[in-house]
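Chemist: sequence plus the predicted model coming up.
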2 protein chains.
Amino acid sequence: MEQKIIDLLKRSNLSITDSRKKILESFFEEDSALAHADIEDHVGEDFDRVTIYRTLQTFVDKGIIHTIPTPDNAVLYALCKDSCSAGHHHDNHVHFICDNCNKTFCLEHVVVPAVHMPVGFAASQIDMVVSGICNYCNATT
Amino acid sequence: MEQKIIDLLKRSNLSITDSRKKILESFFEEDSALAHADIEDHVGEDFDRVTIYRTLQTFVDKGIIHTIPTPDNAVLYALCKDSCSAGHHHDNHVHFICDNCNKTFCLEHVVVPAVHMPVGFAASQIDMVVSGICNYCNATT
DNA sequence: ACACTATTGCAACTATGTTGCAAAATGTTA
DNA sequence: TAACATTTTGCAACATAGTTGCAATAGTGT
């Protein structure tokens, strides 16, 4: 784990600092998307609020994490898979918010479907967020 | 205009107050979605910030306006068309954000396409937000 | 016009996010 | 590994967004 995180930071040309390691750890331990507050909880008192904001921004810039738009306008972050690089995100997958457990997931294998635009409109990016009940909650209720 | 607004308020079982009239007016005058700040600008010093918050919330509850999720997590509101009623929104249309003029529109006639969910996931609501260049900006540049 | 109810404004508060700057940690080179 | 240049961090202060309780005011039905 430790090594995986260090490798990822090196690959992104970032220096290895305690806060970056700890924050990345949060993402690897949780399989769902995290809000700023979740991360603050996870890293505890160890780091300043401001550091967390700046670190998340750095990770987004470097293509390590991406933000997820949500209908209630909370800001969520999730790890990018393979195909993202600095300044160039490829998150064309659908995001899912569970109304039961309130967790948000990337459905890595569900590609955002094409949609036909009216004349005159040119689409450059499409975000799709689905809410409902996730597989875990469906299995246990 | 005045009469249209009064009728809408009556239909929604809301009392006719100056702030409600003025805020609804903002929506009818703009054809794009509005942020809280836009409305504050439009109504000027006439009403308190808090009143605007509460009025917008009331309108959402009554199915007069709906919120639009945006990738940068700004909260936007737009008028609901015909099919919405109190506690029951039907905004299954696509939303469009213009990267040039920064306005957000409801594409009333573009229905959110179906998407195939992985086993175990049950979708109840789908939000689709498209960014790009709108018809007006495409025509004038 | 009156009384009842709903709405508004004010003040205070919480949460969220940003900026400048000095101190500390990291990476690099000798 | 010691010294230096560069990043990163923490602090303080600030800015914006949104909420709540309560008293004053405005709207509604009779």
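Modeler: Arrived safely, thanks for sending. Since the model is a prediction, treat every value here as computed from it, not as a measurement. Numbering: from 1, shown residues only, chains lettered A, B, ... in the order given.

Chemist: so what strands line up beside the longest strand seen in chain A?
Modeler: Longest strand in chain A by number of residues, with DSSP state E as the criterion: strand A:122-133. Using DSSP bridges, strand A:122-133 pairs in its sheet with strand A:93-98 (parallel), strand B:122-133 (antiparallel).

Chemist: can you give me the strands for chain A?
Modeler: A:34-35, A:65-68, A:76-79, A:93-98, A:104-111, A:122-133.

Chemist: from the contact counts, what lies against the second one?
Modeler: Meaning strand A:65-68. helix A:49-61, strand A:76-79 (3 or more Cβ pairs under 8 Å, 6 or more residues apart in numbering or on different chains; DSSP states H and E). Every C-beta, even on glycine, is put in place using the N, C-alpha and C of the backbone.

Chemist: partner strands of it, with direction?
Modeler: Applying DSSP bridges, you get strand A:76-79 (antiparallel) as the partners of strand A:65-68.

Chemist: now the partner strand: mean pLDDT?
Modeler: Along strand A:76-79, the predicted local confidence has a mean pLDDT of 94.

Chemist: report the central residue of chain A.
Modeler: Averaging the C-alpha coordinates of chain A gives a centre point, and the residue nearest to it by Cα atoms, centre = their mean is residue A:78 (1.3 Å).

Chemist: grab the nearest non-local neighbour of the residue in chain A sticking out farthest from the centre.
Modeler: Ranking residues of chain A by C-alpha distance from their mean position (Cα atoms, centre = their mean) puts residue A:119 at the top, at 33.2 Å. Closest residue in space to residue A:119, ignoring its immediate chain neighbours: residue B:135 at 6.9 Å, by Cβ to Cβ, 6 or more residues apart in numbering or on different chains.

Chemist: was I right to think that neighbour contacts residue A:117?
Modeler: No: between residue B:135 and residue A:117 no contact is recorded; they are 9.2 Å apart, counting by Cβ atoms under 8 Å.

Chemist: where does chain A have low pLDDT?
Modeler: For chain A, applying pLDDT under 70 flags the ranges A:82-89.

Chemist: so residue A:6 touches residue A:20, yeah?
Modeler: No: between residue A:6 and residue A:20 there is no contact, the gap being 9.6 Å when judged by Cβ under 8 Å.

Chemist: okay, those two: which has more neighbours?
Modeler: With neighbours defined as other Cβ atoms under 10 Å in any protein chain shown, residue A:6 and residue A:20 compare such that residue A:20 has more, 22 against 14.

Chemist: so that one sits against residue A:54, correct?
Modeler: No: contact criterion Cβ under 8 Å: residue A:20 and residue A:54 do not qualify, at 10.2 Å.

Chemist: near residue A:12, how many residues? Count them for me, please.
Modeler: Other residues close to residue A:12 by other Cβ under 10 Å number 16.

Chemist: roughly how far apart are it and residue A:64?
Modeler: Using Cβ to Cβ, to the nearest Å, residue A:12 is found at 6 Å from residue A:64.

Chemist: what's the answer for residue A:107, then?
Modeler: Here the criterion is Cβ to Cβ. By it, residue A:107 lies 20 Å from residue A:64.

Chemist: next: residue A:4.
Modeler: In this structure, residue A:4 and residue A:64 are separated by 12 Å, where distance is defined by Cβ to Cβ.

Chemist: compare these two (neighbour count), which wins?
Modeler: Higher neighbour count among residue A:4 and residue A:64: residue A:64, with 24 against 11, using other Cβ under 10 Å.

Chemist: how about stretch A:65-77 as PDB, C-alpha atoms only?
Modeler: As requested, C-alpha coordinates have been extracted for stretch A:65-77 and formatted as PDB (Å, rounded to 0.1, in the frame of the first residue of the first chain):
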ATOM      1  CA  ILE A  65      -8.500  12.100  -8.800                       C
ATOM      2  CA  HIS A  66     -11.500  13.600 -10.400                       C
ATOM      3  CA  THR A  67     -14.500  15.500  -9.100                       C
ATOM      4  CA  ILE A  68     -18.000  14.200  -9.300                       C
ATOM      5  CA  PRO A  69     -21.000  16.500  -9.800                       C
ATOM      6  CA  THR A  70     -23.900  15.600  -7.600                       C
ATOM      7  CA  PRO A  71     -27.600  16.700  -7.700                       C
ATOM      8  CA  ASP A  72     -27.300  18.200  -4.200                       C
ATOM      9  CA  ASN A  73     -24.100  20.100  -5.100                       C
ATOM     10  CA  ALA A  74     -21.800  18.400  -2.700                       C
ATOM     11  CA  VAL A  75     -18.200  18.200  -4.000                       C
ATOM     12  CA  LEU A  76     -17.000  14.600  -4.200                       C
ATOM     13  CA  TYR A  77     -13.700  13.200  -5.300                       C
END
